[in-house]
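1. 3D model of this:
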Amino acid sequence: FYSSFIVAAKVEVVTRRAGLPRTEGVRWTSTGEGEFTIETVDRPRRGTRVVLYLRDDATEFLDGMRLRDIIRRYSDHISLPIVMPAEGEDAKGDETINTATALWTRNKKDIKEEEYHEFYKHISHDFQDPLAYIHHKVEGKLEYTSLLFIPARAPFDLWDRQQLHGIKLYVRRVFIRDDTEHLLPPWLRFVRGVVDSDDLPLNISREILQHNKTIDSIRAGCTKKILGLLKDMAASEPEQYRQFWKEFGRVLKEGVVDDPEKSEELAKLFRFSSTET
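-> Coordinates of the predicted model:
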């Protein structure tokens, strides 16, 4: 709960374990200063209620639209529904904010192409369908799922090598961070998607990401899958690949300098203008 004190002056948790009488509820209260109080209270319903008393400079989080944006970004794929009171002139009752399903955890055979396209637009804020995508699950010593998309058009910040918002990292369906830097090399920064790991800790930090064998394995696996997708596209869909090369070819060339060991593999994907007809 202590991360809540970034915006809250006080946090109050009222709970009662199933099976206990209502008179054995518990209230936990803290102001985030290293101490807390616990008292027995009357709790008519079982379950837990968390109340945040916001700081004076955090009133933006009382705005319904702001809260919905936060929920959809960080908790959209939590399996349990997140409900808020409906807003608007004719609004009544409650509405579920999150989709309560993680597309990448479903069997590929049960997912329609339209669903992949809608999911891509949701995470990338792009209005166009992706040029191509790959949905892959790794099981065994290392377990993770990747759902990666190649956009049809280059994003406006393509030439910013520091932008880190292409791949969203999840750990057991909990959103952790946007972190392309560690999940894909800079010369694949145009790729969008999600990676969900079962092996990483939920409290993983940027420092741990820099020196983590699991992350290194995921990065190598995702890079291999994207290069394989591009090879297949170049061989079976030359017109589609021509569109890809027009948008992202110059970025892909950076890989020869950044990762010399992949020069030969990348060279097979390069295309150059010719005077031949």
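2. show me where this structure has helices.
-> Using DSSP state H, the helices of the chain run over 64-74, 113-124, 180-183, 206-210, 213-236, 238-252, 254-258, 263-267.
3. Next, the residues that contact the first one from outside, please.
-> So the one you mean is helix 64-74. Glu60, Phe61, Ile82, Met84, Glu87, Ile97, Asn98, Phe175 (CB atoms under 8 Å, 6 or more residues apart in numbering). For glycine as for every other residue, the C-beta is placed from the backbone atoms N, C-alpha and C.
4. let's see 10 Å
-> 59-61, 63, 78, 82, 84-88, 95-99, 122-123, 168, 174-176, 178 (CB atoms under 10 Å, 6 or more residues apart in numbering).
5. returning to what we had before: put together a markdown table for the helices of the chain, with mean neighbour count and distance to Pro130 on each row.
-> As requested, those are exported to a markdown table (neighbours: other CB atoms under 10 Å; distance: least, CB to CB, whole Å):
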| stretch | mean neighbour count | distance to Pro130 |
| --- | --- | --- |
| helix 64-74 | 13 | 20 |
| helix 113-124 | 16 | 5 |
| helix 180-183 | 22 | 16 |
| helix 206-210 | 13 | 26 |
| helix 213-236 | 16 | 11 |
| helix 238-252 | 16 | 11 |
| helix 254-258 | 15 | 21 |
| helix 263-267 | 12 | 22 |
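6. between those helices, which gets nearest to Arg153?
-> Nearest to Arg153 among the helices of the chain is helix 238-252 (6.0 Å), distances taken as CB to CB.
7. Roughly how far does Val83 sit from Arg49?
-> Using CB to CB, to the nearest Å, we find Val83 at a distance of 13 Å from Arg49.
8. and what of Phe36?
-> The separation that Phe36 has from Arg49, given CB to CB, amounts to 16 Å.
9. Who are the packing partners of the least confident helix or strand in the chain by mean pLDDT?
-> When each helix and strand of the chain is scored by mean pLDDT, DSSP states H and E, helix 206-210 comes last, with a mean of 71. Helices and strands touching helix 206-210, by 3 or more CB pairs under 10 Å, 6 or more residues apart in numbering; DSSP states H and E, are strand 174-178, helix 180-183, helix 213-236.
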